[in-house]
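Asks: Would you be able to build a 3D model of this:
(chains A, B, C and D)
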2 protein chains.
Amino acid sequence: MDKNIKEFENKIILGDCIEKLKELPDNSVDLIFADPPYNLQLKNELWRPNQTKVDAVDDEWDKFDSFEEYDTFCKEWLKECQRVLKPTGTIWVIGAYHNIFRIGTTMQNLGFWVLNDITWVKSNPMPNFRGVRFTNATETLIWAKKNEEAKGYTFNYQLMKKYNDGKQMRSDWYIPICNGGERLKDAEGNKVHSTQKPETLLRYVILASTKEGDIVLDPFAGTGTTGAVAKKYGRKYILIERDKGYSEWIQKRLDSIKDRQEWLEEHDKS
Amino acid sequence: MDKNIKEFENKIILGDCIEKLKELPDNSVDLIFADPPYNLQLKNELWRPNQTKVDAVDDEWDKFDSFEEYDTFCKEWLKECQRVLKPTGTIWVIGAYHNIFRIGTTMQNLGFWVLNDITWVKSNPMPNFRGVRFTNATETLIWAKKNEEAKGYTFNYQLMKKYNDGKQMRSDWYIPICNGGERLKDAEGNKVHSTQKPETLLRYVILASTKEGDIVLDPFAGTGTTGAVAKKYGRKYILIERDKGYSEWIQKRLDSIKDRQEWLEEHDKS
DNA sequence: GTGTAGTTTGAATCCTACG
DNA sequence: GCGTAGGATTCAAACTACA
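Replies: Numbers count the residues shown, from 1 in each chain, chains lettered A, B, ... in the order given. Now for the predicted structure:
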């Protein structure tokens, strides 16, 4: 026990999100970015808190049960995030209409204090092929502080204003989905991860709400976009990922990125 | 008991939302648009940089003691809405980050099936004066059907596509806030209602998800924007409003609107 | 009437440091 | 904990006044 946060800095931690969060000390990270899974098909493997009894037949699991399990799962990891977050830190959680309402409710119930809901407006969303709904063109990010009383969170107002043509940055962000050279593909040309987030999105998040040298935690690291952007901008990262395959991709990805200091030194020489 | 929905058509019903909803028959309306109180929880005064005070929403109807009380309230009116809604009908609920997560969760728990979450992107939102957050530039609408199994809801895909320059309509809508001549003002020039919605927003909603002659119910009618747009486009309306003052404004507003048939006849002559 | 400059205002969970 | 002083902070659109 009584581990120091330094042991975890710039590490990729392989394992279950909740278990691994529990190993981190209280009040130790400056920013959390969480992109939790919400594929209801995975419910049995993923967010059964109690592995002992799993219904064999899916039909026996009515919708409310499945929502309840998901809520329990989210409450667990969010509670750990709240504990680990510094009082001056903030948390970002991204989701879509399948899960973001439940997450927002859970966060408010735990006492997180919402600062903004940000809409990621996709410039190139997937069309609705059957023409029975509106094109699903957005995802939502919740930005919150540890609790209502928490003071002193970082918001680089002037920097964001500069990036927005000199006008105050708004809560609607126009960013393309992750595609092209940035999208990780395996040897067969298949995408490595189904929901890889664009680096631009993480750049907004990290530049808006951290200072250089801050510690950024991502409990669902996936392909490691959070780590990649953190490294590029001189922030420390702690990445938790339960899938060994993904974690190996993250390692490769991060190894290929020069860290800020290196980059600055090279830049000075030229 | 056993009232017929025809008794309520094109009526403004003065009274408590939940009580009055209970008088409506099962499976009787085609569309519900609900703009419930947001539970803003504003605590302090806010001053602009030029030392003028922001006119905050401090109406009695937005006061709740806790999340729990708010949730109970929402569960009640949403349950009645679900009962009253035809299986081929849909419901829209608008909110902001203060309440929309709770509403979405409650709706999912009740078995409503979400079709889209729509982001109303405001072209002219109020800025963040203190520079401590992003400009709060959006509100969210949840569009849902009665339950997962419900079939045959109306979505005027081609019409919406036409309104969107021939491209499939997306879930992000760019609409100014309600201001100018459309904003109702009393004799002293004060706004009648602190949160009047723009007609354009309701036009999108009603044209997308109803046919002519359909019945549109608004349980929190306010200044009656839903009724006004319904009347203009040949839909029937049922408006519930608990405040006598507001309901009188609605009556005046609706009286000044020609109904669709009248309008078409005049238009034919010219 | 027309054009320009100045004023007003909108669903807002809007500060921090120091006694 | 509280009270107070210090200091940094706004965008778009409608409306008004006036030339």
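Asks: What residues of the helix or strand hosting A:Ile240 count as buried?
Replies: Assigned by DSSP states H and E, A:Ile240 falls within strand A:236-241. Using 16 or more other Cβ atoms under 10 Å in any protein chain shown as the test for burial, strand A:236-241 gives A:Lys236, A:Tyr237, A:Ile238, A:Leu239, A:Ile240, A:Glu241. (Each C-beta comes from the backbone N, C-alpha and C, glycine too.)
Asks: and those residues as JSON lines, adding distance to B:Ala230?
Replies: As requested, the buried residues of strand A:236-241 are arranged in JSON lines below (distance: Cβ to Cβ, whole Å):
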{"residue": "A:Lys236", "distance to B:Ala230": "56"}
{"residue": "A:Tyr237", "distance to B:Ala230": "53"}
{"residue": "A:Ile238", "distance to B:Ala230": "54"}
{"residue": "A:Leu239", "distance to B:Ala230": "52"}
{"residue": "A:Ile240", "distance to B:Ala230": "51"}
{"residue": "A:Glu241", "distance to B:Ala230": "51"}
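Asks: Tell me the one of those nearest B:Trp77?
Replies: A:Ile240 (40.6 Å; Cβ to Cβ).
Asks: show me the residues around the residue sitting nearest the centre point of chain A that make contact.
Replies: In chain A, the residue lying closest to the centroid (Cα atoms, centre = their mean) is A:Ala34, at 2.6 Å. The contact partners of A:Ala34, by Cβ atoms under 8 Å, 6 or more residues apart in numbering or on different chains, come to A:Trp77, A:Cys81, A:Ile91, A:Trp92, A:Val93, A:Ile94, A:Asp218, A:Pro219, A:Phe220.
Asks: Which residue, neighbours along the chain excluded, lies closest to it?
Replies: Closest residue to A:Ala34 apart from its sequence neighbours, by Cβ to Cβ, 6 or more residues apart in numbering or on different chains: A:Val93 at 4.7 Å.
Asks: can you tell me the helix or strand for the closest residue to DNA strand D within the stretch 1-150 of chain A?
Replies: Taking Cβ to the nearest atom of the strand, DNA strand D has its nearest neighbour within the stretch 1-150 of chain A at A:Glu149, 6.4 Å off. For A:Glu149, there is no enclosing helix or strand under DSSP H and E.
Asks: Then A:Ala228?
Replies: Residue-wise, A:Ala228 maps onto helix A:225-232 under DSSP H and E.
Asks: and the angle for that helix with strand A:236-241?
Replies: Helix A:225-232 and strand A:236-241 are oriented at 160 degrees to each other (axes from the mean of the first three to the mean of the last three Cα atoms, to 10 degrees).
Asks: wait, what's in contact with the residue of the stretch 51-200 of chain A found nearest DNA strand D?
Replies: With Cβ to the nearest atom of the strand as the measure, A:Gln168 is the residue of the stretch 51-200 of chain A nearest to DNA strand D, at 3.5 Å. Shown in contact with A:Gln168 (Cβ under 8 Å, 6+ apart): A:Tyr157, A:Met160, A:Lys161, B:Pro127, B:Asn128, B:Gly131, B:Phe134, B:Thr135.
Asks: Now, of those, which are buried?
Replies: A:Tyr157, A:Met160, B:Asn128, B:Phe134, B:Thr135.
Asks: Just send those residues back as JSON lines, with distance to DNA strand C and secondary structure too.
Replies: JSON lines is the format used below for those (distance: Cβ to the nearest atom of the strand, whole Å; DSSP: H, G, I helix; E, B strand; the rest coil):
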{"residue": "A:Tyr157", "distance to DNA strand C": "10", "secondary structure": "helix"}
{"residue": "A:Met160", "distance to DNA strand C": "14", "secondary structure": "helix"}
{"residue": "B:Asn128", "distance to DNA strand C": "4", "secondary structure": "coil"}
{"residue": "B:Phe134", "distance to DNA strand C": "9", "secondary structure": "coil"}
{"residue": "B:Thr135", "distance to DNA strand C": "8", "secondary structure": "strand"}
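Asks: Past the longest helix anywhere in chain A, which element shows up next along the chain?
Replies: Of all segments of type helix in chain A, defined using DSSP state H, the longest is helix A:63-84. Per DSSP H and E, the first helix or strand lying C-terminal to helix A:63-84 is strand A:85-95.
Asks: how about the residues of the stretch 51-200 of chain A near DNA strand D?
Replies: Where the stretch 51-200 of chain A comes near DNA strand D, counting by Cβ under 7 Å from any atom of the strand, the residues are A:Glu149, A:Tyr157, A:Gln158, A:Lys161, A:Gly166, A:Lys167, A:Gln168.
Asks: got a markdown table for the residues you listed, with secondary structure and pLDDT too?
Replies: Below are those laid out as a markdown table (DSSP: H, G, I helix; E, B strand; the rest coil; pLDDT from 0 to 100):
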| residue | secondary structure | pLDDT |
| --- | --- | --- |
| A:Glu149 | coil | 95 |
| A:Tyr157 | helix | 98 |
| A:Gln158 | helix | 97 |
| A:Lys161 | helix | 98 |
| A:Gly166 | coil | 97 |
| A:Lys167 | coil | 97 |
| A:Gln168 | coil | 98 |
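Asks: Would you agree the residue nearest to A:Ala34 is in contact with A:Ile103?
Replies: Yes. At 5.6 Å, A:Val93 and A:Ile103 qualify as touching, with contact defined as Cβ atoms under 8 Å.
Asks: related to what we said a few turns ago, what does the longest helix of chain A contact?
Replies: A:17-18, A:21-22, A:24-29, A:32, A:34, A:36, A:38, A:40, A:43, A:46-49, A:91, A:93, A:99, A:102-103, A:106-107, A:109-112, A:146-147, A:217, A:219, B:108-109, B:111, B:148.
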